[in-house]
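Participant: build me a structure from this.
(2 chains)
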Amino acid sequence: MSGPDYTVRAVAVAEPDRGPWEPDVDDRADRIEPAVDALLDGTLPETSPGDRVTLVPDAHYPFHPSSGFVTDPAVVAAVAAVVERRSGAAVAVAGASDDLVSVDRTAASLGYRSALDRVDATLVDLSGEPSTPVPGPAGGSEPTRDGPTPSVPERLLETAVIVVPTLRPTVAGPVAGGMRTLASLTDGAVEPPVAAVASTRAVDPVATVLDATTAYAGSPYAANALFAGPTAAVDAVAGSVLDRSVEDDEAVRRGLGSDEPTVAVEPVDGATDVDLDAVRAALPDGEVPPGDSMHPAVTTAYRLYAAVSGDAVPPHLEGDRP
Amino acid sequence: MIPSRLGRWTDSGGLALGVLGVGNIGRVHLQSALAMDGVDAAAAADPVRANRDWADRAGVRTYDDYATLLASEDLDAAVVALPPFLHADAVERAAEAGVDVFVEKPLARSTAEADRLLETAASAGIAVGVDHTLRYQPDVRGVKREYDEGRVGHVPYATMTRVNDGHLGRPPAEDAPSSWPLDAEAAGGGALLELGVHCLDVLEWLFGDLEVVGATVDGTLALPVEDAATVLLWGPETGTTITFHCGTYQWEELPEVNTRLRLEGVAGTITAADHRPSNFYANAAASALSNVASRVTGDEPDVFGPTYYLQAHYEALSAFCAAIRAGDRPPVDGEDGRRALELVETAYERADEAGKGGVDVPEVRP
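Facilitator: The predicted model follows:
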């Protein structure tokens, strides 16, 4: 009998002494680091001083880390500390500035700056770095039926990459996961599943560490768990925990690559197990909140009401009009 | 074209009003002015092209800076809806033009800056009103009415909380974080100044002169300004101890707004929630139907009635304009705005003395 196609390791993180959240990032990192140490034991590839490792967290916006909607900088600092201690490699933490907010501002607000002070890691903004077009999911460098292929920051192609997503859904519904966190750093007008699959294959992360210390599923939940393994497999586990079907997630399905892939979650010797059923049962069954933008039907109706009644139209109900 | 209120009085003798800044709350003020009898919303100024385009569509003359507007227009009053670091300069320009001003809260970044602003206004003989909107919210007014009527007797303890998602919002990320509100130099402070100044004004309106007993300020994120503050107050005139908390850290999903005001009296409790619609959507529908009916019967509509909280902005500006037209002192004037600032400053000092919380208190004292 053959084993599973993929194995994802899971480890429980010690709970804080009081309440679900320690405000001090050093206290959190101290608590989390032993679990990371156990989780990555034997899973990291050989690296040596002089090698470069890039950590890619989900730090897309300054939402409070206790919400679970972004990766806790303490988890990233703990991963950086373990990698540095074991390999002596130079660790960088990467993000990409976008139209909304710069990496610097988000990192400073979330506490990444102070978290990285405890290790010798640097923060890099990939939006200003060169990128390279990568092959599409089918393997060719030319556009295929999937359309154009993404451009991936060269740093991610040249260094050993560890993706550190948080356990949350996307606005569109599927899990954010490691594949989509990587895709968020790519350029090009590329269909989302294509960007996720192509960038993950091109980058070929050495591991993905899923931060489920606090998960978000419509509301936060302190799951106090970490998972690690191949990126698509970790995303499949994340989807399973959030009650998403792999079959419905094109990116993860294509990332796993086989017709009926099997993914096993295994405990880590000497560490506390994660009770997956308990985590699933405790997680709320929700989505990302609706956006603030009013539905066009609502704004049209309000303008009609205002014209009839003589009332004023509040700015947030004006809608997009020429 | 943004619809103006039908049946609006267009007497050329109306109070000529300009709006300085139409980026956010300034739009609400301009919409309010356009819907106001006896007010001629004449012009708006904003350095941002999109905001000027919006004002242009609203039917007012536009300028790219407020100094030019004040120098060019023949106004009776101006709404100062600019970032706090521009309030003093805008009032100075208005004073030169002899224009009364309605200033967004906080009046200034500090009492020292407020003093200079008020001296300038007094020397020029212009009136200063301050947009402390909470006093005009129906639920807060309901609390004051019940309290003043003695419905629960003596109130030895009260608590007030005002929390929102400030300048970062909630998921999904749709807008860039605000810039000046997270800049201590530009804003003068964080949540305590931004939200707390409103609440402290309401608490003094209810309980008279207050003393700040203690305070903490905190930063849930590593921001340049505090995003949480808690203040312990004592009201000697009414013998009331008050705890007050404000923060800009909590995700907010409109129409739900997290403002709590609760008075514990010897004969019962007064809460703002009891004066709020139990269902905002049902209330909006009822208000909309009422306003449509008012059009038929010729009655005045409740401006912004369906959106509930925006009514207060209309009422605050309306009360200011009425006072100016009557030659009266604005109902919430510059001294009220300064007093709220004084309480904020004292709270910052108490927090600094206590040394509790995760952030340093603002050092801006312009």
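Participant: show me which residues of the stretch 151-300 of chain A are close to chain B?
Facilitator: A:171, A:288-293 (CB under 8 Å from any CB of the partner chain). Heads up, the C-betas are built off the backbone N, CA and C, glycines and all.
Participant: for those residues, pick the one with the most neighbours.
Facilitator: Ranked by neighbour count (other CB atoms under 10 Å in any protein chain shown), those have A:Val288 at the top, with 19 neighbours.
Participant: chain A: strands as residue ranges?
Facilitator: Counting by DSSP state E, chain A has strands at residues A:6-12, A:52-57, A:90-95, A:122-125, A:131-133, A:151-153, A:160-164, A:207-212, A:215-216, A:220-221, A:225-229, A:263-267.
Participant: quick one: mean pLDDT over stretch A:277-288.
Facilitator: Across stretch A:277-288, the average pLDDT comes to 90.
Participant: tell me the buried residues in the helix or strand of chain B with the lowest mean pLDDT?
Facilitator: Here the helix or strand of chain B ranked lowest by mean pLDDT, DSSP states H and E is helix B:280-297, holding a mean of 72. For helix B:280-297, the neighbour count (16 or more other CB atoms under 10 Å in any protein chain shown) marks B:280, B:283-284, B:287-288, B:291, B:294-295 as buried.
Participant: out of the residues you listed, which are close to chain A?
Facilitator: B:288, B:291, B:294-295.
Participant: name the helices or strands packed onto the longest helix seen in chain B?
Facilitator: In chain B, taking DSSP state H as the definition, the longest helix is helix B:334-354. Helices and strands touching helix B:334-354, by 3 or more CB pairs under 8 Å, 6 or more residues apart in numbering or on different chains; DSSP states H and E, are helix B:111-124, strand B:128-131, helix B:197-207, strand B:211-218, strand B:228-235.
Participant: so, low pLDDT: which residues of the stretch 51-200 of chain A?
Facilitator: A:138-147 (pLDDT under 70).
Participant: make CSV out of the residues of the stretch 151-300 of chain A next to chain B and add distance to B:Leu192.
Facilitator: What follows is these, written out as CSV (distance: CB to CB, whole Å):
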residue, distance to B:Leu192
A:Val171, 33
A:Val288, 31
A:Pro289, 27
A:Pro290, 30
A:Gly291, 29
A:Asp292, 25
A:Ser293, 30
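Participant: and the two most separated of the residues you listed?
Facilitator: Spatial extent of those (CB to CB) is set by the pair A:Val288 and A:Ser293 at 13.7 Å.
Participant: what are the phi and psi values at residue 244?
Facilitator: No chain specified, so I'll use chain A. Phi and psi for A:Arg244, reported as degrees, to the nearest 10, are phi -110, psi 140.
Participant: my question was about chain B
Facilitator: phi -140, psi 130.
Participant: state the distance from it to B:Gly235.
Facilitator: 11 Å (CB to CB, to the nearest Å).
Participant: for the strands of chain A, which one ends up most surrounded?
Facilitator: Ranked by mean neighbour count, the strands of chain A are led by strand A:207-212 with a mean of 28 (mean count of other CB atoms under 10 Å in any protein chain shown).
Participant: packing partners of it?
Facilitator: helix A:25-40, helix A:73-87, strand A:160-164, helix A:177-183, strand A:225-229, helix A:231-241.
Participant: among the ones you listed, show me which one is buried the most.
Facilitator: Comparing those by mean neighbour count (mean count of other CB under 10 Å), helix A:177-183 ranks first with a mean of 29.
Participant: quick one: distance of that helix to the chain centre.
Facilitator: Taking CA atoms, centre = their mean, to the nearest Å, one finds the center of helix A:177-183 at 6 Å from the center of the full chain.
Participant: remind me what that helix packs against, helices and strands.
Facilitator: Counting by 3+ CB pairs under 8 Å, 6+ apart, helix A:177-183 packs on strand A:52-57, strand A:160-164, helix A:192-203, strand A:207-212, helix A:231-241, helix A:250-256.
Participant: how about A:Val75: what's its closest non-neighbour residue?
Facilitator: Closest residue to A:Val75 apart from its sequence neighbours, by CB to CB, 6 or more residues apart in numbering or on different chains: A:Asp211 at 4.4 Å.
Participant: that neighbour contacts A:Thr71, doesn't it?
Facilitator: Yes - with contact defined as CB atoms under 8 Å, A:Asp211 reaches A:Thr71; the gap is 4.8 Å.
Participant: ranges for the helices of chain B?
Facilitator: Under DSSP H, chain B gives helices at B:25-34, B:49-58, B:66-72, B:87-97, B:111-124, B:138-148, B:184-187, B:191, B:197-207, B:280-297, B:310-326, B:334-354.
Participant: just say which of those is most tucked in.
Facilitator: helix B:191 (a mean of 29).
Participant: does chain A have contacts with it?
Facilitator: No - Helix B:191 is not in contact with chain A by CB under 8 Å from any CB; minimum separation 14.2 Å.
Participant: pull the distance from that helix to the chain's centre.
Facilitator: Worked out by CA atoms, centre = their mean, helix B:191 lies 14 Å from the chain centre.
Participant: mean confidence (pLDDT) on it, please.
Facilitator: Mean predicted confidence for helix B:191 is 95.
Participant: next one, pLDDT for residue 240 please.
Facilitator: Because you didn't say which chain, this covers chain A. pLDDT at A:Ser240 comes out at 94.
Participant: think we crossed wires, I meant chain B
Facilitator: 98.
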